[in-house]
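Undergrad: heads up, no residue letters with this:
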């Protein structure tokens with residue numbers, strides 16, 4: 001997971017909007033949407049003791065400024081508008097125009113929520129058709145603060161092709177679904193920051209009160225004592241860590257030892273399948289070599305060739321017959337998702353046996369080859385249709401394994417946005433108590449290495465927001481992590497699967513919902529472009545649970561298992577009249593284990609509303625897993641066309 005890598009430092013603390021003695025909180029601007037059918041708080045600042053009056057849609061409410069702050073509550077209103085909201089005191093009048101009453105949702109998380117419509121699937125067509133004057137967006141500018149503040153930087157804007165490209169794609173598609181279904185204005189307050197962990201979005205008191213989470217606050221205390229010094233120390237540690245890996249990449253001792261040469265002996269190398277076994281670097285940080293021979297047709301001799309290897313995480317140096325033909329280092333934007341395409345000069349090409357060698361350096365989290373087998377090929381530059389596939393049997397050898405006890409570890413707080421509470425303080429607290437219907441959330445990639453903790457941390461985040469908003473247990477709908485990274489041949493452990501499980505377990509929290517995305521990810525890109533289905537699946541929860549539409553809103557969710565006569569019988573919620581297989585005749589993604597806990601791929605079939613799982617290798621099964629991998633091949637759906645969530649029967653109970 002690499003979305004951490006491009007976080008940007010910012011500390012924007014603007015004053016409340018408008019001049020004069022009467023000021024409105026910065027979240028109130030022209031074009032805003034106010035929540036229908038709820039009391040509506042309007043607040044701001046004024047001179048001490050000043051009487052403030054707020055008027056809209058025939059309503060009038062007053063307040064007296066105390067400690068230079070004021071707040072009024074408007075009575076609930078039905079959807080409608082546009083209206084003008086007037087706020088006036090002894091000397092000043094402020095007017096906000098084109099105000100709508102409708103449904104307001106908070107959209108938050110890390111980069112997959114932040115991801116703009118301009119980067120989504122079919123972006124040009126989606127932007128051109130994004131002409132919905134009753135959909136409005138307020139995007140909160142990135143900011144951090146060691147203490148809660150009362151202002152954000154942003155502006156409500158109308159949804160049109162000019163404004164829409166910068167909207168959160170997930171939030172836009174969610175809003176569009178609701179707007180078309182409910183025929184009322186939709187307002188989105190979007191507040192996200194790529195690469196950030198969940199603890200950055202929780203308030204201090206909530207972390208402090210939980211014995212399992214209080215330790216997370218240490219970086220916040222350090223940051224508070226001297227923010228400038230803390231930033232400098234973070235930067236210094238990050239530079240030291242990066243310099244270490246730069247040296248590893250740039251100084252290649254194994255090249256001198258001939259690991260890339262065709263004549264190099266393979267006695268100390270291990271046969272592997274690429275790309276399936278090309279993700280060993282997801283289990284270690286370090287340097288691993290891969291090499292294989294390829295038989296070049298005589299007709300290719302004297303021609304320039306091209307080799308494609310798909311994306312490689314993180315850096316690579318690629319050789320042909322011992323000569324480097326290309327590399328990608330961190331000076332290339334998004335290097336970990338950049339497909340490798342390297343030219344091979346005709347002077348290096350020999351008839352018959354030729355050798356391709358790839359040195360991969362991974363310095364953090366998942367690594368190695370991340371594409372499927374179709375990406376690996378070699379072909380003449382002018383006739384790509386003659387391509388030879390390079391997936392299959394390669395040889396591998398480890399050059400270096402990172403040891404955090406003796407090598408400089410990556411700083412846990414690589415920049416201030418990763419510090420606990422600082423995003424809650426600067427990007428959530430100033431929005432409270434704006435009247436909302438609920439929240440949608442897409443985050444978790446930055447917490448995959450701490451999935452067990454996430455089982456506590458994520459529910460704490462939800463309760464933190466609800467407690468401070470004081471609007472009851474408002475709906476909180478979230479996205480389960482999508483499939484990502486290379487597929488594996490055998491059942492294995494997976495941090496991403498464990499994080500998905502932590503999200504699944506969060507459904508026990510009242511009034512929550514989960515959009516499953518296990519079928520719409522991208523092996524090579526942590527930011528899958530299909531945001532349309534993500535937004536739609538989030539909207540299904542709202543349409544069914546809040547707006548009372550009679551629709552299925554979730555894919556199958558594991559409920560129970562019974563082991564009987566050498567088989568596992570699985571029961572699910574949300575079968576929507578029956579289960580079905582999508583894209584084939586056989587169920588995929590099921591694994592089964594006996595009392596030794598060793599999983600093998602299993603046979604599976606649907607019988608009415610249940611799934612029967614078995615394997616001749618496991619006569620007495622004790623556990624079943626489904627979709628338990630970073631990027632599993634899965635195809636269990638319900639008749640509403642919604643995918644089943646990954647699960648394991650041998651894990652924590654829901």
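TA: It's in. Computed from a predicted structure; not experimentally measured.
Undergrad: show me what contacts residue 45?
TA: 16, 22, 23, 65, 68, 69, 70 (Cβ atoms under 8 Å, 6 or more residues apart in numbering). For every residue, glycine as well, the C-beta is placed using N, CA and C.
Undergrad: in ChimeraX, select just the buried ones from the residues you listed.
TA: A single ChimeraX command is used to select the members of the contacts of residue 45 judged buried by 16 or more other Cβ atoms under 10 Å:
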select :16,22,23,65,69,70
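Undergrad: among the contacts of residue 45, which are in strands?
TA: Those of the contacts of residue 45 mapping onto strands are 23, 69, 70, per DSSP state E.
Undergrad: does the second one really touch residue 43, like I thought?
TA: Yep, that's residue 69 we're talking about. Yes: assessed by Cβ atoms under 8 Å, residue 69 is found in contact with residue 43 at 7.1 Å.
Undergrad: okay, residue 524: pLDDT?
TA: Residue 524 is assigned a pLDDT of 68 by the prediction.
Undergrad: kindly report the same for residue 450.
TA: 94.
Undergrad: next one: residue 489
TA: Note on residue 489: pLDDT of 84.
Undergrad: quick check: phi and psi on it?
TA: Listed backbone geometry of residue 489 is phi -80, psi -30, with angles given as degrees, to the nearest 10.
Undergrad: repeat for residue 557
TA: phi -120, psi 130.
Undergrad: so it sits right up against residue 642, yeah?
TA: No: the pair residue 557 and residue 642 does not pass the contact test of Cβ under 8 Å, sitting 10.2 Å apart.
Undergrad: okay, the two: which has more neighbours?
TA: residue 642 (22 against 18; other Cβ atoms under 10 Å).
Undergrad: can you list the domains in this structure?
TA: When the chain is parsed into structural domains using automatic domain parsing, the resulting residue ranges are 100-203+421-545, 255-401, 557-648.
Undergrad: distance between the ends of the last one?
TA: Think domain 557-648. The straight-line separation of the ends of domain 557-648 (Cα to Cα, to the nearest Å) is 11 Å.
Undergrad: then the second one?
TA: Using Cα to Cα, the end-to-end distance of domain 255-401 comes to 17 Å.
Undergrad: pLDDT (mean, whole number) over it?
TA: The average pLDDT within domain 255-401 is 89.
Undergrad: how far off centre is it?
TA: Centroid displacement of domain 255-401 relative to its chain, using Cα atoms, centre = their mean, to the nearest Å, is 29 Å.
Undergrad: also stretch 231-238?
TA: For stretch 231-238, the separation from the chain centroid amounts to 26 Å (computed by Cα atoms, centre = their mean).
Undergrad: list the buried residues of it.
TA: By neighbour count on 16+ other Cβ under 10 Å, the buried set for stretch 231-238 is 231, 234, 237.
Undergrad: and the second one, that's in a helix?
TA: Yes: secondary structure of residue 234, determined by DSSP: H, G, I helix; E, B strand; the rest coil: located in a helix.
Undergrad: low-scoring stretches of the protein, by residue?
TA: Within the chain, the ranges that satisfy pLDDT under 70 run 1-20, 276-282, 365-366, 412-415, 524, 653-654.
Undergrad: which residues of it fall in helices?
TA: Listed in chain order, the helices of the chain (DSSP state H) span 111-114, 123-128, 169-182, 204-208, 218-225, 227-250, 253-256, 422-423, 451-469, 495-505, 531-545.
Undergrad: quick one: contacts for residue 576?
TA: For residue 576, the contacting residues are 552, 638, 639, 640, 642, by Cβ under 8 Å, 6+ apart.
Undergrad: do that again at 6 Å, thanks
TA: Shown here is residue 576, whose contacts under the criterion Cβ atoms under 6 Å, 6 or more residues apart in numbering are 552, 638, 639, 640.
Undergrad: could you check how far the last one is from residue 540?
TA: What it means is residue 640. 9 Å (Cβ to Cβ, to the nearest Å).
Undergrad: so these two - more neighbours on which side?
TA: Each of residue 640 and residue 540 had its neighbours counted (other Cβ under 10 Å), and the higher figure belongs to residue 540 (24 against 17).
Undergrad: report how many residues lie close to the closest residue to the more buried one other than its chain neighbours.
TA: Distances taken as Cβ to Cβ, 6 or more residues apart in numbering put residue 553 closest to residue 540, at 4.0 Å, once the chain neighbours are dropped. Around residue 553 sit 21 other residues, with neighbours defined as other Cβ under 10 Å.
Undergrad: could you check how far residue 553 is from residue 404?
TA: As defined by Cβ to Cβ, residue 553 lies at a distance of 43 Å from residue 404.
Undergrad: now swap in residue 80 and tell me
TA: The value you get for residue 80 to residue 404, if Cβ to Cβ is used, is 59 Å.
Undergrad: what's the answer for residue 287, then?
TA: The spacing between residue 287 and residue 404, counted by Cβ to Cβ, is 16 Å.
Undergrad: ok, the two, which is more surrounded?
TA: Between residue 287 and residue 404, counted using other Cβ under 10 Å, the more crowded position is residue 287 (25 against 9).
Undergrad: I figured that one hits residue 362, correct?
TA: No: contact between residue 287 and residue 362 fails when scored by Cβ atoms under 6 Å: they sit 7.8 Å apart.
Undergrad: give me the common contacts of these two.
TA: Between them, residue 287 and residue 362 share no contacting residue, judged by Cβ under 6 Å, 6+ apart.
Undergrad: can I get the ones in strands among the contacts of residue 45 in CSV including distance to residue 372?
TA: Listed next are these as CSV, based on distance: Cβ to Cβ, whole Å:
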residue, distance to residue 372
23, 56
69, 57
70, 59
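Undergrad: of the residues you listed, which is the nearest to residue 107?
TA: Distances from residue 107 to these, taken as Cβ to Cβ, are shortest for residue 23 (26.2 Å).
Undergrad: for the closest one, list each beta-bridge partner.
TA: Judged by DSSP bridges, the bridge partners of residue 23 are residue 45.
Undergrad: so what's the residue count around residue 178?
TA: The tally of other residues near residue 178 (other Cβ under 10 Å) stands at 26.
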